[in-house]
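*Asks:* Here is my input; please provide its structure:
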Amino acid sequence: MENKKNNVLSKLLSDALSKVEDNFQAEVEFLKEQIQIPSVNGAPVEIEGKYLPFGEAVDEAYRHFMSKGEKMGFSFADSNGYGGHLLWKKEANIEHDNSEGKPSRKTQIFGILGHLDVVPAGEGWTHDPFGGEIEKGYIYGRGSTDDKGPMAASLFAMKALKDAGFRPTCDIRLIAGLDEETNWEGIAHYKDEFGNVDMGFTPDGDFPLVNGEKGLLFFQLVKKIRPNRGIGLRLSRLEGGYAPNIVADKARAVVLHQEAMQYEHIKERANAICAERGCQIETRRVGKSLELKVFGKSAHGAMPHIGINAISVMMEILGELNFNDEKVNELIDFYNRYIGVETDGKALGVYFDDGMGTPTTVNIGGVSLDKEIITLDVNIRFPVSFTKEAVYRGLDGLLNDYDMGIIPKMESSPLYISENEMLPRELLNAYREETNDYDSKPLVIGGGTYAKAMDNILAFGGLFPGDEDRMHQAEERLSLDRFKEMTKIYVRAIYALCGGNIEK
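*Replies:* From the prediction side, this is the model:
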């Protein structure tokens, strides 16, 4: 009798994997439709009496995704526009042997937690960032890998299992967050209404598995200045960056001097510095002022070393000038001495390394000059063995010396679950059984994912070992072969953790 049960389950899994093949063109078309919705977080709006906390485009992507899930037979639960889930409910008459050590023994709710918002497109695209264009086996567009592609793969994995006749032994929630790239307000609102899950994964990291995530701090450094309209060189505009978790690929400054001949020297030095740093610069006269635009290279804020931060290059240029406001000069001096083009925080006093290959990273994601205040958006990621207090202690004395303030914006503690625990073990098995890759090891990463939003969640895909990572960069794209492969991996993971391995 036992062998008969296992044979039935093995055939069911095989049928589900075949359903992925059958549904794949529809899955690609659905992802294309999702990419075409430019779901960058926007200001709250109210339309026809409905409050949209993250703007119209994010809400459109959310409703489109959930509508597709409802058509597949899953029920939709909404948290007042802040996010929601598709529910595949356990059937009341499903009972399995729940003896010690079986995966779903304590699992009542299994969660797959991802997001449908995206970072801004930025510069440097040759494809339409919101076009969903398909070329040479890739689908291009913002969100194709982060996180609309993996979310679509998760949805179609559930569909494949459902179509094959799988009956889960726990409730399965596919949860859509809507502001993961910004403040995580939505997932907090969702948890207040619907609570936590017992275990699960977020399809928003790396394969074979992410079992550790560095701590994350986002804060602003602020410096008061004294606008001086007297003689000498004045900094009238300074801005750059899109978000704290993106390496700034653009920065702009406007300077004013009574003697226009001073501008030739500024342009000469700016050109030389940009040539040395490998970036582009544009200069032009705007009335009596000189405008400088620096163009760097964007990258994910977790890997700032692979980008070229336009803000850092702009500060290096401004550091060769003498402004008529000493407070401006102090801020620029602070930046160039303790941040500069360095991305590991050593000069800043926040470098830590626990030997797991993930030392501190520092990214300056934004700068702005607003009347009497200059603000820097700072994103610091620190190893799993350290605390946020250690980071702040490293900064305290330095900020006091430069009379700068700090405004905390977001904090996220480190996460780590040993690969010997049940959840990581089953996720690894799902990856290995589909790919036959037994060499790749679990990772500790700098990116902060929704794995930190709920207990017993780990990031699982969709970036494969050795593949180019274009998340948060121009020309973001997803291989269609990888798209299908990750869908099958998610089929295996859901099957194993939600009842398919219970009789084994």
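
*Asks:* where does the stretch 1-150 of the chain have low pLDDT?
*Replies:* Applying pLDDT under 70 to the stretch 1-150 of the chain flags the ranges 1-9, 92-106.

*Asks:* Okay, helices next: where are they in it?
*Replies:* Here the stretch 1-150 of the chain has its helices, by DSSP state H, counting those that start in this stretch, at 2-35, 56-71, 148-164.

*Asks:* looking at those, which is buried most?
*Replies:* The highest mean neighbour count among the helices of the stretch 1-150 of the chain, using mean count of other CB atoms under 10 Å, belongs to helix 148-164: a mean of 26. C-beta coordinates here come from the backbone N, C-alpha and C atoms, glycine included.

*Asks:* That one packs against which elements?
*Replies:* helix 2-35, helix 56-71, strand 83-88, strand 109-115, strand 171-177, strand 462-463, helix 480-495 (3 or more CB pairs under 8 Å, 6 or more residues apart in numbering; DSSP states H and E).

*Asks:* residues contacting Lys409?
*Replies:* Lys409 is in contact with 183, 218-220, 244, counting by CB atoms under 8 Å, 6 or more residues apart in numbering.

*Asks:* A helix includes it, no?
*Replies:* No - secondary structure of Lys409 (DSSP: H, G, I helix; E, B strand; the rest coil): strand, not part of a helix.

*Asks:* For this protein, give me the ranges with low pLDDT.
*Replies:* For the chain (pLDDT under 70), the answer is 1-9, 92-106, 500-504.

*Asks:* go with 80
*Replies:* Counting by pLDDT under 80, the chain contains low-confidence residues at 1-9, 91-107, 227-230, 357, 447-448, 500-504.

*Asks:* Taking the centroid of it, which residue is nearest it?
*Replies:* Glu181 (5.4 Å; CA atoms, centre = their mean).

*Asks:* re the thing from before, looking at the helices of the stretch 1-150 of the chain, which is nearest to Phe295?
*Replies:* Across these, Phe295 has its closest neighbour in helix 2-35 (24.9 Å, CB to CB).

*Asks:* Surely Gly447 is in contact with Ala302?
*Replies:* Yes - using CB atoms under 8 Å, Gly447 is in contact with Ala302, at 4.2 Å.

*Asks:* just to revisit the earlier point, turn the helices of the stretch 1-150 of the chain into a markdown table, including distance to Val491.
*Replies:* Shown next, in a markdown table, are these (distance: least, CB to CB, whole Å):
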| stretch | distance to Val491 |
| --- | --- |
| helix 2-35 | 5 |
| helix 56-71 | 16 |
| helix 148-164 | 5 |
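
*Asks:* follow-up on the earlier one: what sits against the residue nearest to the centre of the chain?
*Replies:* 41, 115, 117-119, 243, 245.

*Asks:* repeat that for 6 Å
*Replies:* Residues in contact with Glu181 (CB atoms under 6 Å, 6 or more residues apart in numbering) are 117, 119.

*Asks:* picking that back up, for the helices and strands packed on helix 148-164, give me TSV that also has distance to Phe295.
*Replies:* Below are these laid out as TSV (distance: least, CB to CB, whole Å):
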stretch	distance to Phe295
helix 2-35	25
helix 56-71	26
strand 83-88	35
strand 109-115	28
strand 171-177	32
strand 462-463	26
helix 480-495	30
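
*Asks:* To Gly230, which of those lies closest?
*Replies:* helix 56-71 (45.6 Å).

*Asks:* between the closest one and helix 2-35, how many degrees?
*Replies:* 150 degrees (axes from the mean of the first three to the mean of the last three CA atoms, to 10 degrees).

*Asks:* what's next to helix 56-71, contact-wise?
*Replies:* Contacts of helix 56-71 (CB under 6 Å, 6+ apart): 37-39, 45, 52, 76, 86, 116-117, 155, 176, 178.

*Asks:* Now list the buried members of those residues.
*Replies:* Among those, those classed as buried by 16 or more other CB atoms under 10 Å are 37-39, 52, 86, 116-117, 155, 176, 178.

*Asks:* which one among those residues gets closest to Arg269?
*Replies:* Pro38 (38.2 Å).

*Asks:* The nearest residue to that closest one once chain neighbours are set aside: neighbour count?
*Replies:* Nearest non-adjacent residue to Pro38, counting by CB to CB, 6 or more residues apart in numbering: Phe130, 4.6 Å away. Using other CB atoms under 10 Å, Phe130 has 20 other residues around it.

*Asks:* Roughly how far does Phe130 sit from Gly232?
*Replies:* 45 Å (CB to CB, to the nearest Å).

*Asks:* likewise Leu369?
*Replies:* 17 Å.

*Asks:* Compare those two (neighbour count), which wins?
*Replies:* Using other CB under 10 Å as the criterion, Leu369 and Gly232 rank with Leu369 on top: 19 against 14.

*Asks:* Who are the contact partners of the more buried one?
*Replies:* Leu238.

*Asks:* Just checking: what are the partner strands of the helix or strand containing Val255?
*Replies:* Assigned by DSSP states H and E, Val255 falls within strand 250-256. Counting by DSSP bridges, the strands paired with strand 250-256 are strand 234-240 (antiparallel), strand 289-295 (antiparallel).

*Asks:* Put together TSV for these, with distance to Gly124 and mean neighbour count on each row.
*Replies:* Shown next, in TSV, are the strands paired with strand 250-256 (distance: least, CB to CB, whole Å; neighbours: other CB atoms under 10 Å):
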stretch	distance to Gly124	mean neighbour count
strand 234-240	15	20
strand 289-295	9	20
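
*Asks:* Of all the ones you listed, which one is nearest Val378?
*Replies:* Comparing those under CB to CB, the one sitting nearest is strand 234-240, at 13.4 Å.
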